[in-house]
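Undergrad: Structure for the following, please:
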Amino acid sequence: MSKHSPVHAVTARRVTNGSVSLAVFEQGKADGETIVLVHGWPDTHELWNRIVPLLADDFRVVSYDSRGAGESTIPSRVQDYQLSALAGDLFAVIDAVSPGKPVHVLAHDWGSVETWEAVCEPGAEEKIASFSSISGPNLDHLGKWIRASASKRRFLGPAAQGIASAYTVLFQIPGLCTLPLRLWFSKHWPAFLGFFDGLDPRVVNTAPTIADDMVNGLKLYRANIRPSLGKPRDRYTDVPVQLILNKHDKAVRPVGYEDTEKWVSDLQRREIAAGHWSPFSHPGEVAEHARAFIASLRERRSEKQSS
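TA: Next up, the predicted model:
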């Protein structure tokens with residue numbers, strides 16, 4: 001890949017999943033392997049603006065606005081933001097952009113949470129060749145880990161994650177956060193991330209829809225946090241998974257992944273000295289970890305075929 005990647009043309013399209021229409025964007029090498037990028041709260045596909053150019057020379061790069069964000073449909077009901085629906089959106093995008101051929105997925109925050117839901121579905125490996133996860137746990141795994149830690153009287157890890165996730169309690173209360181998000185946070189988001197994450201505010205990409213995205217995205221928390229943590233399921237996957245762990249993440253503590261090997265048959269871990277929004281602050285490292293992981297799987301397949 002050249003040091004200064006050329007600007008790649010963007011092809012926009014719509015993909016439907018039931019009543020939801022998703023805004024999908026394609027760039028990069030038309031005949032390359034496909035990598036799908038999935039954003040979290042309160043972002044849109046623009047989260048990946050600094051990473052796409054680093055991948056587009058070698059991959060067909062697909063990103064999309066999740067339901068409730070950006071240019072995609074905004075469902076009004078909380079239940080329409082359940083993880084099963086979000087995973088269905090991801091599968092719909094995959095089927096549309098790469099029918100019959102599995103794709104790689106790189107996902108952050110709630111995008112990672114919903115991809116975890118997808119990769120733990122039966123037959124997921126037929127659609128997803130690999131999953132690089134950033135700062136978004138499988139909520140069932142997290143719930144199981146909290147319960148197991150409590151049963152062993154190991155409270156420090158869950159306490160650390162509980163403190164980090166305290167804001168999600170506020171997000172559960174309808175109306176409580178709407179005005180602060182609309183009137184202050186949406187207007188000062190880059191500056192807030194500079195304070196919260198220690199990054200340069202100038203690297204933060206925000207969509208014109210950020211105020212609506214912040215408020216609509218609260219339904220993700222209300223639809224999924226309590227059900228998943230309250231009654232966690234046994235969720236396994238054979239899709240190769242790479243955990244890209246942000247060492248200084250104040251929202252998702254790395255300790256919450258300590259027993260992920262129990263659920264994932266093929267797991268790798270990588271660390272970045274970054275806060276929660278590493279796609280903004282450390283795009284080169286994120287892209288390189290995704291690229292290296294895919295290359296290692298390709299090499300493994302080649303060795304298996306030649307043996």
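
Undergrad: What helices and strands are in contact with the longest helix seen in the chain?
TA: Ranked by residue count and defined by DSSP state H, the top helix of the chain is helix 283-306. Helix 283-306 sits against strand 33-38, helix 52-55, strand 103-108, strand 128-134, strand 241-246, strand 267-272, helix 278-281, with contacts defined as 3 or more Cβ pairs under 8 Å, 6 or more residues apart in numbering; DSSP states H and E. C-beta coordinates here come from the backbone N, C-alpha and C atoms, glycine included.

Undergrad: in the second one, what counts as buried?
TA: Spelled out, it's helix 52-55. Neighbour-count burial for helix 52-55 flags 52, 53, 54, 55 (criterion: 16 or more other Cβ atoms under 10 Å).

Undergrad: which outside residues touch stretch 232-242?
TA: With contact meaning Cβ atoms under 8 Å, 6 or more residues apart in numbering, stretch 232-242 is reached by 116, 119-120, 124-125, 128-133, 138-144, 147, 260, 263-270, 289-290, 293, 297.

Undergrad: What of stretch 82-91?
TA: 17-18, 20, 22, 36, 38, 66-67, 105, 110, 113-115, 117-118, 121, 127, 139, 220, 223-224, 228.

Undergrad: still on that earlier bit, may I see the PyMOL selection of the buried members of the contacts of stretch 232-242?
TA: The buried subset of the contacts of stretch 232-242, as determined by 16+ other Cβ under 10 Å, is captured in PyMOL by this line:
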select buried, resi 116+119+120+124+125+128+129+130+131+132+133+138+139+140+141+142+143+144+260+263+264+267+268+270+289+290+293+297
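
Undergrad: doesn't residue 146 make contact with residue 258?
TA: No. Using Cβ atoms under 8 Å, residue 258 makes no contact with residue 146, being 11.4 Å away.

Undergrad: higher neighbour count, those two?
TA: Applying other Cβ atoms under 10 Å to residue 258 and residue 146 shows that residue 146 carries more neighbours, namely 19 against 13.

Undergrad: lowest confidence element among the helices and strands of this protein?
TA: helix 156-164 (a mean of 56; mean pLDDT, DSSP states H and E).

Undergrad: For residue 45, grab phi and psi.
TA: As for residue 45, its main-chain torsions (degrees, to the nearest 10) stand at phi -60, psi -20.

Undergrad: what does residue 182 give?
TA: According to degrees, to the nearest 10, residue 182 has phi -70, psi -40.

Undergrad: list the contacts for residue 137?
TA: 112, 113, 116, 252, 256, 257.

Undergrad: Go through those residues and flag the one the model is least confident about.
TA: Ranked by pLDDT, the contacts of residue 137 bottom out at residue 256, which has 79.

Undergrad: Number of residues surrounding that residue?
TA: Look at residue 256: counted by other Cβ under 10 Å, it has 22 neighbours.
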